[in-house]
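[1] give me the fold of what follows.
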Amino acid sequence: MIRSGYYTHKAEHLGGNGKGIAVREDWLKDEELPPNVRMITTITLPIDASVSLHNHEGEAEIYRILSGTGMYDNNGVETEVGPGFVTICYDGERHGLINTGTEPLVFDAVIVSQ
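    All right, here's what the predicted structure looks like:
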C-alpha cells in the first residue's frame, strides 16, 4: 500500500485528561494498521498543552520528539525533553507529557501491543 497524506484532526483531553487542543496527524486509518499496532501519529501540542498521566496495559507507547520542548513524566520521574529524544512507556507503566516551551511541541507517537 502506498498513499499520500495524513488523516488530520483535532484532539482534546489526550491521555484522558490532558490540557488544550492538540492536532493529530494519523499516518494510517484504523483499518490500515497492522494487527499489533494501535496508533501511529504525529501530535502537535500547543504551548501549555499536555498529554495527561496515563497507564499502558498490554501495550507500549513510544514518543519521538521532533521539535519544541517539554517535561516528560516517566513513572513519576520528570525529564526535560526536546528534539532527538525518544521515550518508551512499557506495559504496566505510566507516562505523560506537557509542553513547557515557547513554541508547539511536535512528536511522533506509536502504540504497539505486547
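
[2] what's the helix or strand for R3?
    R3 belongs to no helix or strand when assigned by DSSP states H and E.

[3] now A22: how far from D48?
    Distance of A22 to D48, computed by Cβ to Cβ, to the nearest Å: 12 Å. No exception for glycine: its C-beta is placed from N, CA and C like everyone else's.

[4] which of these two has more neighbours?
    Between A22 and D48, counting by other Cβ atoms under 10 Å, A22 is the more crowded of the two (23 against 11).

[5] for the stretch of helix or strand that one belongs to, list every residue counted as buried.
    A22 belongs to strand 21-26 when assigned by DSSP H and E. By neighbour count on 16 or more other Cβ atoms under 10 Å, the buried set for strand 21-26 is A22, V23, R24, E25, D26.

[6] let me know the closest of those to I65.
    Set against I65, the nearest of the buried residues of strand 21-26 by Cβ to Cβ is A22 (14.3 Å).

[7] if that closest one is in a bridge, with which residues?
    A11 (DSSP bridges).

[8] next: the one 4 residues further on.
    Note on D26: beta-bridge partners by DSSP bridges are Y7, T41.

[9] so how far is Y6 from it?
    6 Å.

[10] can you check I43 too?
    I43 sits 11 Å away from Y6, going by Cβ to Cβ.

[11] overlap of the contact sets of these two?
    When contacts are counted by Cβ atoms under 8 Å, 6 or more residues apart in numbering, I43 and Y6 have E25 as shared neighbours.

[12] please say which of the two ends up with more neighbours.
    For the pair I43 and Y6, the greater number of neighbours falls to I43 (23 against 13), based on other Cβ under 10 Å.
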